[in-house]
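**Q** no sequence on this one, just coordinates:
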């Protein structure tokens, strides 16, 4: 597990509902899952940063994105060890590791040990829990 030194972004359920679409709220705040191959971010190839849809925290760089063939945006590492937290998840009769935004505790997806080198990790993220900032916008 990793922790974030910054205080978490806390909002009430009603505040989150006002800020997010129903699908974003279901996935990020209620630990849901989007349908595979439904997110445009799965095919995103531009250089930039993938951020938390709830709080805008930078989570993943396009330089670590790869096509896992699973239907969800996948990365081999977060931008920083403190960007995400990892938690045991025993739902659906499986042992998995859930990934959350360390800044606001939004559910992002899961990490699996079958990714590419150099880490061997596959951070399989729900695209609806992410926003994308192209490099030309990030650099400004």
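**A** Great, that's in hand. Source: prediction; values computed, not measured. Numbers count the residues shown, from 1 in each chain.
**Q** This structure: strands as residue ranges?
**A** 48-52, 58-61, 65-66, 74-75, 84-89, 96-101, 107-112, 122-125, 130-134 (DSSP state E).
**Q** which residues in this structure form helices?
**A** In chain order, the chain shows helices spanning 13-19, 22-24, 30, 135-138, with DSSP state H as the criterion.
**Q** To residue 10, which of the strands of the chain lies closest?
**A** Across those, residue 10 has its closest neighbour in strand 96-101 (12.3 Å, C-beta to C-beta). (Glycine included, C-beta is placed from N, CA and C.)
**Q** can you give me the angle the closest one makes with strand 48-52?
**A** When axes from the mean of the first three to the mean of the last three C-alpha atoms, to 10 degrees is applied, the directions of strand 96-101 and strand 48-52 differ by 100 degrees.
**Q** buried residues in strand 96-101?
**A** Within strand 96-101, the residues that count as buried by 16 or more other C-beta atoms under 10 Å are 96-101.
**Q** Show me what it is packed up against.
**A** Using 3 or more C-beta pairs under 8 Å, 6 or more residues apart in numbering; DSSP states H and E as the contact criterion, the secondary-structure elements in contact with strand 96-101 are strand 84-89, strand 107-112.
**Q** Please list the outside residues in contact with that strand.
**A** Identification of contacts with strand 96-101 by C-beta atoms under 8 Å, 6 or more residues apart in numbering yields 31, 52, 54-55, 57, 59, 83-90, 106-112, 123, 125.
**Q** The strands of the chain: which one's closest to residue 41?
**A** When these are compared by C-beta to C-beta, strand 130-134 sits nearest residue 41, at 5.8 Å.
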